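Enquirer: Predicted model, plus sequence, below.
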Amino acid sequence: MASENRNINYLNKDFNQFRTSLFDYAQTYFPTSYTDFSPSSPGTMFIEMAAYVGDVMSFYLDNQIQENFIQYVRQQNNIYALAYMLGYKPKVTSVSTTNIEIYQKVPAVGNQPDFTYALNIAENLSIQSPTNIASKFLIQDPVDFSFSSSLDPTDITVFDNNYYLLKKTRKAISAEIKTTTFTFTNPQRFQTVEINDSNIIGILDITDSDGNKWYEVPYLAQEMVFDTIKNTNINNPTFSSDNGDTPYLLQLKKVQRRFTTRILNPTVLQIQFGAGTNTQNNDEEITPNPENVGLGLPYKQSKLTTAYSPTNFLFTDTYGIAPYNTILTVRYLTGGGLQSNVTAGTLTVINNPSLIQFQNAGLDATLANAVFNSVAVLNPFSSDGGGAGDSDDDIRMKAMSTFTTQQRTVTLDDYMVRAMSLPSDYGNIAKVYVESEKLSNLLPGETPSILNLYVLSYDVSKKLRTASSALKQNLSTYLSQYKMMNDSIKIKDAFIINIGVDFEIVVLPNYNNNLVVSNCITKLKDYFNIDNWQINEPILLRDLYIMLDNVDGVQNVKTVNITNKYGSLLGYSNYSYDIPGAIINNVIYPSLDPMVFEVKYPDNDIKGRVVPF
């Protein structure tokens, strides 16, 4: 074999390039050995076969490289796999949502409703249209007609001389509960099972034949889950007095029985369980520590200075236990799609009335029967949102976006959004403001990573109030699973500054003075609606002048004065504020301590009058 260097082209990609290059190679390096390059010669046949093999191998190499990048991947199973690797869980269907009004009658006792006949409706009440049985809706939250708060009010109206009518409003999604079972005998590490169905929304719950509940987690290494208990004196006497705005307490719970789910394709949902099999001696409590570093490795446990691989902990119960010698009952949700968008007033049939129960015993049978039969549901508006799931392009874009965030709280805005995401069962967060601890307030040894999170909540009339201790504890527990490890959070009360508005206007000729003033007051009520105001937001007087000047019939706005209302005996906040001293260039600035302006009683605290030009 010749020892000279060969000039080889490594850039060929397709059949014609390989064929041409092979012809050139043979003619250059074997000019006398083979000279017949006609289409019918055996040499041409072998050269073209080699070019064919090169073309096929090049194609599959390019294809395999392409399938590793979610921007270019083509095979659907690889799109789903790469999306999970980047932290995004694809959806195969989009559910339709709507508000459902739920009604019941209660007897009248004097001039008050008798709440001893108030009903409880358990979670997962199923409703549908009498004419469209294929489109079922699910109310996932329970309903307690005896409880009322700013975020879950119970509307009371007079029904007739003998009854009051109670109304609750709940969100409903287009979903149906389905059930399947899986039998497990010998334990297997990271065992998986699959559910085959169309329009799978997700898992509702999993219980085994011994009555144990299994918890869904984003990944098997997450052993802490949120747990809910009723805010009563028995469960926690410290916070039981706060059950008016915090009906449930949030706590963290370490669980062995957990699972994670993956969508493999539009019709297959995979459920994966953990690796451990020992439920009696749970090593989740002690992994890792010096006693078990090195278990399963061919070294002595005393060699703690050895650089052991962290994968030693892969097959411990830290990833949860595997089910064995049991039957798992899986309830999952299906539904959604374009057909799930229904018109208003069509969802009136209750499919599972067994979920409706009285809270008290010993009731009059006749009255109780009349109250039970009075339960009704109705959707006042049409539902929307139903549609197909994520397309391949949707998955690509959402996966790349999710990878950059990872649901962690990094910026101050992240903390605000996460705090506002606290489920309403654990208390209502009305306003949130986050700022770093001022350097002047840091104690010796404290780092600037301390964050002050100021919160306020609503009372039953949707007026601002300081957050209860139970609400702050729930928020602290909730944020603990999302905050950065080196962040320290102090949850504090923001200040409430109650204000009033007095204005004077000149009305155009031929306009009714009272009507114009009433329209101006309505505009100001909308402007100062507490939903539109955040902590540390200033009042721009110029905007108030422009807004009033645009009201039909207003010729000129003479004055707009903001006054401070304070004093608990009058129903206001106890904090006073020097508003004239806070005005700079027609802007009323908030104080250095985080605060929010609130018009607490707009019917009384917004006043206007007509003056001559």
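Expert: Great, that's in hand. Numbers count the residues shown, from 1 in each chain.

Enquirer: what sits up against stretch 516-523?
Expert: 503, 505, 507, 547-548, 551-554, 606-610 (Cβ atoms under 8 Å, 6 or more residues apart in numbering). All C-beta spots, glycine's among them, are computed from the backbone N, C-alpha and C.

Enquirer: Show me how far it is from its chain's centre.
Expert: How far stretch 516-523 lies from its chain's middle: 39 Å, per Cα atoms, centre = their mean, to the nearest Å.

Enquirer: could the contacts of stretch 516-523 go into JSON lines alongside distance to Met45?
Expert: Compiled in JSON lines, these are given as follows (distance: Cβ to Cβ, whole Å):
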{"residue": "Phe503", "distance to Met45": "97"}
{"residue": "Ile505", "distance to Met45": "98"}
{"residue": "Val507", "distance to Met45": "100"}
{"residue": "Met547", "distance to Met45": "87"}
{"residue": "Leu548", "distance to Met45": "92"}
{"residue": "Val551", "distance to Met45": "91"}
{"residue": "Asp552", "distance to Met45": "91"}
{"residue": "Gly553", "distance to Met45": "96"}
{"residue": "Val554", "distance to Met45": "94"}
{"residue": "Ile606", "distance to Met45": "95"}
{"residue": "Lys607", "distance to Met45": "100"}
{"residue": "Gly608", "distance to Met45": "98"}
{"residue": "Arg609", "distance to Met45": "104"}
{"residue": "Val610", "distance to Met45": "103"}
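
Enquirer: mind listing which of those are in helices?
Expert: Met547, Leu548 (DSSP state H).

Enquirer: Just the contacts of stretch 516-523: which are in strands?
Expert: The strands, defined by DSSP state E, take in Phe503, Ile505, Val507, Val554, Ile606, Lys607, Gly608, Arg609, Val610 from the contacts of stretch 516-523.

Enquirer: Looking at these, which one is closest to Lys254?
Expert: The shortest gap between Lys254 and any of the ones in strands among the contacts of stretch 516-523 belongs to Ile606, at 52.7 Å (Cβ to Cβ).

Enquirer: Give me the pLDDT for the closest one.
Expert: pLDDT recorded at Ile606 is 94.

Enquirer: Kindly tell me how buried it is, as a neighbour count.
Expert: 21 (other Cβ atoms under 10 Å).

Enquirer: likewise Thr343?
Expert: 12.

Enquirer: so what's it up against?
Expert: Taking Cβ under 8 Å, 6+ apart, we find Thr343 in contact with Ser382.

Enquirer: Phi and psi next, for it.
Expert: With angles defined as degrees, to the nearest 10, Thr343 shows backbone torsions of phi -80, psi 170.

Enquirer: from now on call the first residue 51
Expert: With the count now opening at 51, the last piece we talked about shows up as Thr393.

Enquirer: Would you mind measuring from it to Asn315?
Expert: 33 Å (Cβ to Cβ, to the nearest Å).

Enquirer: Looking at the ones in strands among the contacts of stretch 566-573, which is nearest Val484?
Expert: Distances from Val484 to the ones in strands among the contacts of stretch 566-573, taken by Cβ to Cβ, are shortest for Ile656, at 30.8 Å.

Enquirer: beta partners for that closest one?
Expert: Val551 (DSSP bridges).

Enquirer: and the strand or helix carrying Ile612 with strand 656-660, angle?
Expert: With secondary structure defined by DSSP states H and E, Ile612 is part of strand 604-615. If you take axes from the mean of the first three to the mean of the last three Cα atoms, to 10 degrees, strand 604-615 sits at 140 degrees to strand 656-660.

Enquirer: List the buried residues of strand 604-615.
Expert: Within strand 604-615, the residues scored as buried using 16 or more other Cβ atoms under 10 Å are Val604, Val607, Val610, Ile612, Asn614, Lys615.

Enquirer: Stretch 653-663 now?
Expert: Result for stretch 653-663 [16+ other Cβ under 10 Å]: buried residues Asp655, Ile656, Gly658, Val660.

Enquirer: hey, where'd the helices end up in the stretch 51-200 of the chain?
Expert: 65-79, 92-116, 126-135 (DSSP state H, counting those that start in this stretch).

Enquirer: what's the closest of the ones in strands among the contacts of stretch 566-573 to Ser471?
Expert: Lowest distance from Ser471 to the ones in strands among the contacts of stretch 566-573 (Cβ to Cβ) belongs to Ile656, with 32.7 Å.

Enquirer: Let me see the contact set for the closest one.
Expert: Neighbours of Ile656 in contact, by Cβ under 8 Å, 6+ apart: Gly550, Val551, Ile571, Leu574, Lys575, Phe578, Val649.
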